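[1] here is a sequence together with a model predicted from it:
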Amino acid sequence: MRRSRLALGTLLLAALLLAGVPAAVPAAAPQDTIVLGTTDKITELSPENSYDYWTWHVFGQVSEALVQFKPGTTDIVGQLAESWQISPDGLTYTFRLRPGVTFTDGRPFDAASVKQSLETVLRRKGPEGGVALIENIKTVEVVDARTVRIKVKERDATFLSRMTWGVAPAHIYHFTGPANEYTKGRFAGTGPYRLVQYVPDQRTVYEAYPGYWGPKPRSKRVITVFYADASALAAAVEAGQVDVGFRTFNPEDIRRLQRSPRVTVLRGPSLSVRYIVFNVTAKPFGDVRVRRAVAFALDRDRIARNVFGGINTPLYSMVPPGLWSHMDAFPKRNLDQARSLLREAGYSEGKKLSVVLWLTPVRYGNTEPDAGAVVKRAIEETGLASVEIKTQEWATYTKSFAAGQFGMFFLGWFPDFVDPDNFLSPWLIESPEGLGTFLNKATSAQDKQYYNQFKQILTQAKMTADRAERTRLYQQAQRLLAESAILVPMWSNNLQAYAIYQKNVKGIILNPDMSFRTWTVFKE
């Protein structure tokens with residue numbers, strides 16, 4: 001069996017080389033090459049104009065940030081910075097840089113590199129990017145070759161989390177493209193690999209950088225192959241055509257492959273959540289009683305059991321389990337409570353609540369219509385409501401909810417940075433319009449009060465560095481969210497936390513931030 005897999009690997013590598021891998025790239029034996037399969041996609045290879053998991057994954061293989069999460073934990077440790085100090089007022093961060101680091105084109109790394117990189121990304125500010133995550137940076141100063149001082153505009157306890165390896169705009173790059181254009185891949189990082197080929201929607205090829213400052217990658221080359229859907233990815237893993245499959249499998253494929261003696265199925269921690277969003281400016285969702293009625297009617301157990309076969313799990317807070325400050329703030333299902341709230345809001349058997357539930361059919365996999373059907377049934381089981389399901393493709397969907405055209409819709413979230421703030425603030429105080437809640441435009445007195453309360457609580461939480469006090473405040477915000485039901489969590493999206501790989505593959509580590517570090521992976 002192992003021999004047949006190596007033969008398949010040889011054929012695949014040969015095909016890729018014939019398809020255009022640059023001749024300058026030395027041909028590695030299949031034993032030195034990891035083939036990684038995924039259904040994710042790359043948008044634009046520029047740190048200032050990308051905002052999606054796999055594009056940021058690419059940056060994470062070839063470049064680095066000042067700090068990172070220690071593998072397997074949510075503890076922040078140095079990466080390009082050996083150490084750092086924070087001023088008593090929380091407005092100045094002084095980083096001492098690691099010596100002997102070079103970019104993958106051989107250029108030395110120093111404090112001037114940090115200044116140039118961060119200032120370039122902030123200046124370019126791509127319209128589709130996540131640069132807002134580091135926009136609190138006021139100035140970047142070179143103290144000496146190995147010391148850089150960053151001043152922020154306002155005190156923010158999440159700043160270091162925003163500057164970690166998982167946030168592409170925080171990475172340090174040597175830009176090789178024109179200053180007035182998006183880089184589109186024209187950069188060199190300091191990471192363990194360099195990107196030697198990118199064929200959109202087909203593959204990326206990475207080659208180990210021999211001058212890397214840290215532990216050498218366990219495999220000389222990593223080839224990522226992009227599959228059209230989860231079924232194709234599972235078939236490739238099952239046939240031994242890829243060494244590792246990651247993001248995203250169908251539930252039935254996971255269950256089937258868990259019984260296979262040929263592969264290993266590993267589930268890592270998941271910080272990915274799925275939830276319902278309410279636009280509080282759209283009738284009838286400006287009435288908190290209607291939103292709370294939906295929250296009480298929701299049958300999370302049925303979704304987890306019937307749609308996902310127990311792979312995904314019920315979720316009762318936007319802050320996911322495993323992240324500090326999490327608490328089960330939302331109530332369990334209670335149809336009597338749901339009916340009572342709907343009657344109080346003026347609905348009855350003869351005058352039912354009539355609503356539209358929006359979802360997008362492809363973005364979150366082929367289970368989305370089934371999950372929508374379970375939610376529709378759960379709400380209608382009150383006997384006082386009627387739900388119509390409508391769909392739009394993702395590109396249109398995002399524009400529609402940002403324009404306020406949806407009243408109730410499904411959405412999913414993977415954290416920009418690992419902190420409870422990132423599971424609360426974006427919808428409630430930072431981008432209520434862009435993410436569809438429109439809480440900052442609320443018309444009811446109750447929702448205006450909720451907005452002011454969230455703003456006070458979440459701003460205060462960012463202003464203190466004390467973990468215990470921040471926990472208290474985030475739990476207060478979670479309870480307030482359950483009361484206001486502006487967002488209603490449904491399930492933890494564990495499907496994105498699974499890696500399935502061949503038995504001879506070793507070194508896979510699935511981290512709490514759901515990152516995938518390819519340089520630890522090798523074949524025996």
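    Received it, and whenever you're ready, just let me know what you need.

[2] most distant residue from the middle of this protein?
    Gly350 (43.8 Å; C-alpha atoms, centre = their mean).

[3] so where is the stretch 1-150 of the chain shaky, pLDDT-wise?
    For the stretch 1-150 of the chain, the stretches flagged by pLDDT under 70 are 1-29.

[4] just the helices in it please.
    Assigned by DSSP state H, counting those that start in this stretch, the helices in the stretch 1-150 of the chain fall at 2-18, 53-62, 111-124.

[5] quick check: phi and psi at Thr264.
    phi -110, psi 130 (degrees, to the nearest 10).

[6] distance of it relative to Val488?
    36 Å (C-beta to C-beta, to the nearest Å). Bear in mind the C-beta positions are built from the backbone N, C-alpha and C, glycine included.

[7] looking at the two, which one has more neighbours?
    More crowded of Thr264 and Val488, by other C-beta atoms under 10 Å: Val488, with 25 against 17.

[8] surely that one is within a strand?
    Yes. Per DSSP: H, G, I helix; E, B strand; the rest coil, Val488 lies within a strand segment.

[9] any idea which element the closest residue in space to Val290 that isn't next to it in sequence lies in?
    What sits nearest to Val290 in space, not counting adjacent residues and going by C-beta to C-beta, 6 or more residues apart in numbering, is Pro284, at 5.0 Å. Pro284 belongs to no helix or strand when assigned by DSSP states H and E.

[10] tell me how far Pro284 lies from Val356.
    11 Å.

[11] show me which of those two is the more surrounded one.
    Neighbour totals were compared for Pro284 and Val356, and Pro284 leads with 17 against 13 (other C-beta under 10 Å).

[12] which residues does that one contact?
    290, 345, 353, 355, 407 (C-beta atoms under 8 Å, 6 or more residues apart in numbering).

[13] quick check: phi and psi on it?
    phi -100, psi 20.

[14] quick one on the thing from earlier: which neighbours do Pro284 and Val356 share?
    Joint contacts of Pro284 and Val356 (C-beta under 8 Å, 6+ apart) are Gly407.

[15] closest one to Pro217 out of the contacts of Pro284, please.
    Distances from Pro217 to those, taken as C-beta to C-beta, are shortest for Gly407 (49.1 Å).

[16] count of residues packed around the closest one?
    Around Gly407 there are 22 residues (other C-beta under 10 Å).

[17] I figured it hits Val280, correct?
    No. Using C-beta atoms under 8 Å, Gly407 is not in contact with Val280; the gap is 9.2 Å.

[18] could you find the closest non-adjacent residue to the residue nearest the centre of the chain?
    Compute the mean C-alpha point of the chain, and by C-alpha atoms, centre = their mean the closest residue is Phe414, 2.9 Å away. Using C-beta to C-beta, 6+ apart and skipping residues adjacent in sequence, the residue nearest Phe414 is Ser272, 4.9 Å away.

[19] how many neighbours does that neighbour have?
    Using other C-beta under 10 Å: Ser272 sits among 22 other residues.

[20] tell me the contacts of it?
    Residues in contact with Ser272 (C-beta under 8 Å, 6+ apart) are 320, 412-414, 492-494, 496-497, 514.

[21] neighbour-wise, which of those leads?
    Going by other C-beta under 10 Å, Asn493 tops the contacts of Ser272 with 26 neighbours.

[22] thought that residue was touching Leu271?
    No. In this structure, Asn493 is not within contact of Leu271 by C-beta under 8 Å, at 9.1 Å.

[23] circling back to that earlier point, from Ala293, how far off is the residue nearest to Val290?
    Pro284 is 10 Å from Ala293, by C-beta to C-beta.

[24] joint contacts of the two?
    Common neighbours of Pro284 and Ala293 (C-beta under 8 Å, 6+ apart) are 345, 353.

[25] pretty sure Asp156 contacts Asn136?
    Yes. Counting by C-beta under 8 Å, Asp156 touches Asn136, with 5.5 Å between them.

[26] identify the contacts common to these two.
    What both Asp156 and Asn136 touch, as defined by C-beta under 8 Å, 6+ apart, is the set Arg162.

[27] isn't Tyr198 up against Trp54?
    No. Assessed by C-beta under 8 Å, Tyr198 is found out of contact with Trp54, at 11.7 Å.

[28] who has more neighbours, the two?
    The neighbour count for Tyr198 versus Trp54, taken as other C-beta under 10 Å, is higher for Trp54 (19 against 16).

[29] so who does the more buried one touch?
    38, 40-42, 247.

[30] roughly how far apart are it and Lys41?
    6 Å.

[31] cool, and Lys220?
    Taking C-beta to C-beta, one finds Lys220 at 26 Å from Lys41.

[32] about what we covered before: now, of the contacts of Trp54, which are buried?
    Buried by 16 or more other C-beta atoms under 10 Å: 38, 40, 42, 247, out of the contacts of Trp54.

[33] so what's Pro200 up against?
    If you count contacts by C-beta under 8 Å, 6+ apart, then Pro200 has Ile42 around it.

[34] measure it to Glu44 for me?
    10 Å.

[35] and Arg155, by the same measure?
    For Arg155, the distance to Glu44 - C-beta to C-beta - is 33 Å.
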